[in-house]
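Participant: sequence and predicted model, in that order:
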Amino acid sequence: MTDERKSRLYVAASWSLWPMIFVAGLTGAGFAFRTQTPLLWFNVVYLATVAAIATFERLMPYEKQWLQRDGETFNDIAHTLLNKGGVQIAAAIGVSAPMAIATVVQPSLAVSEIWPVEWPLALQVVLGLIIAEFGLYVAHRAAHEWLTLWRFHALHHSVERLWVVNTGRFHIIDSLIKIAFSQIPLYLMGAPLTVFLWIGAVTAFIGLLTHCNIDVRTGPLDWVFSTPRLHRWHHSKVLAEGNTNYGENLVLWDQIFGTYFNPARRPPVEIGISGRIAEGFIEQLVQPFSSKGFRAILGRRPDTREPAVPEAGSPEAK
Ligand SMILES: [Zn+2]
Ligand SMILES: [Zn+2]
């Protein structure tokens, strides 16, 4: 293969991988939802997607530096399993907490019937995504602008590399708040279980792609979806860059509320926070609950109320 052909192939792959992986994931989810054990098969599709993304991260990394080990892989996976698997234990073995919650709780919670069940399913899913995204936007933005919540969300931003495995690295409290904000309105409106399942699927695959370290090009997709490019800005240490792009699936609310950020230059390689996150999994879970841990997360000295350095990613640095 000549260099020119190789580079053409590379460019073609760069443009096609994001939509291809997204559509393949949704197609797999559609297959899973038609089986007798939808959660089990959905999780098979999810893990296959993780494997595919991890392979392309090796073949065409966006940032070679992010291929280096950071000693956090165990913690990343443990937080992912606690978030996404823990809630499902009652329902099934699996990966998607929103889906399990929907399966268990949704049929008994609907208090109104304003949901447009007569619409085509695809339109219902789009409507559901827009409504859920508003809750996600509010919860995510509050987690950045309000120290009480930043103490939980800082764990997600403490990563110094972005790759598929740290997609699910969220403190369990952070996750539960987001699930509540995004799903309760849909329950109250009487959205059917199928809509929850498809929102869960879209969130799962966009989430995996958002953190991927593949050199994808997304172009106009950046105007609609939360793409890797936009989310790399969100992980910037520079507050003016990091406190943007809060959207989890769609960036509609960022555009409406003026937090959409997508300049033409390359997003930063150096990411993270200036506070300190504990090293072990259990320590990371309990850290936000002690005043000493909270001070460390904020980058404050242990024995004073003064910040040691202004904290990236918190309101204090403004
Ligand atoms: Zn964030
Ligand atoms: Zn992230």
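Facilitator: Received it, and whenever you're ready, just let me know what you need. Ligands and ions are numbered 1, 2, ... in the order given.
Participant: going forward, measure contacts and count neighbours with C-alpha atoms only.
Facilitator: OK.
Participant: got any ranges where the stretch 101-250 of the chain has weak pLDDT?
Facilitator: Low-confidence segments of the stretch 101-250 of the chain, defined by pLDDT under 70: 101-112.
Participant: what about the helices in it?
Facilitator: 121-145, 147-157, 172-189, 193-210, 228-234, 239-242 (DSSP state H, counting those that start in this stretch).
Participant: quick one: closest of these to Gln284.
Facilitator: helix 147-157 (7.6 Å; Cα to Cα).
Participant: looking at the helices of the stretch 101-250 of the chain, which is buried most?
Facilitator: Mean neighbour counts were compared across the helices of the stretch 101-250 of the chain using mean count of other Cα atoms under 10 Å; the top stretch is helix 228-234, at a mean of 25.
Participant: packing partners for that one?
Facilitator: helix 193-210, helix 239-242 (3 or more Cα pairs under 8 Å, 6 or more residues apart in numbering; DSSP states H and E).
Participant: out of those, the one nearest Glu145 is which?
Facilitator: Closest to Glu145 of those, according to Cα to Cα: helix 239-242, at 10.8 Å.
Participant: put the alpha carbons of that closest one into PDB.
Facilitator: Extracted C-alpha coordinates of helix 239-242, given in PDB (Å, rounded to 0.1, in the frame of the first residue of the first chain):
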ATOM      1  CA  LEU A 239     -11.500  26.800  33.200                       C
ATOM      2  CA  ALA A 240     -12.800  28.900  30.300                       C
ATOM      3  CA  GLU A 241     -12.400  25.800  28.100                       C
ATOM      4  CA  GLY A 242     -13.500  23.200  30.600                       C
END
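Participant: for that helix, packing partners?
Facilitator: helix 228-234.
Participant: please save the CA atoms from the helix it packs on in PDB.
Facilitator: C-alpha atoms of helix 228-234 as PDB (Å, rounded to 0.1, in the frame of the first residue of the first chain):
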ATOM      1  CA  PRO A 228     -14.900  13.400  21.200                       C
ATOM      2  CA  ARG A 229     -13.700  16.800  20.000                       C
ATOM      3  CA  LEU A 230     -16.200  18.700  22.100                       C
ATOM      4  CA  HIS A 231     -15.600  16.500  25.200                       C
ATOM      5  CA  ARG A 232     -11.900  16.900  25.000                       C
ATOM      6  CA  TRP A 233     -12.400  20.700  25.500                       C
ATOM      7  CA  HIS A 234     -14.600  19.800  28.400                       C
END
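Participant: chain center to it: distance?
Facilitator: Here helix 228-234 is found 11 Å from its chain centre; the criterion is Cα atoms, centre = their mean, to the nearest Å.
Participant: what's the answer for stretch 225-238, then?
Facilitator: That offset, for stretch 225-238, works out to 11 Å (Cα atoms, centre = their mean).
Participant: what about that stretch, start to end distance?
Facilitator: 23 Å (Cα to Cα, to the nearest Å).
Participant: which residues are contacting that stretch?
Facilitator: By Cα atoms under 8 Å, 6 or more residues apart in numbering, the surrounding residues in contact with stretch 225-238 are 157, 162, 206, 209-213, 216, 218, 221-222, 241-251, 261-262, 267-268, 270-274, 312-313.
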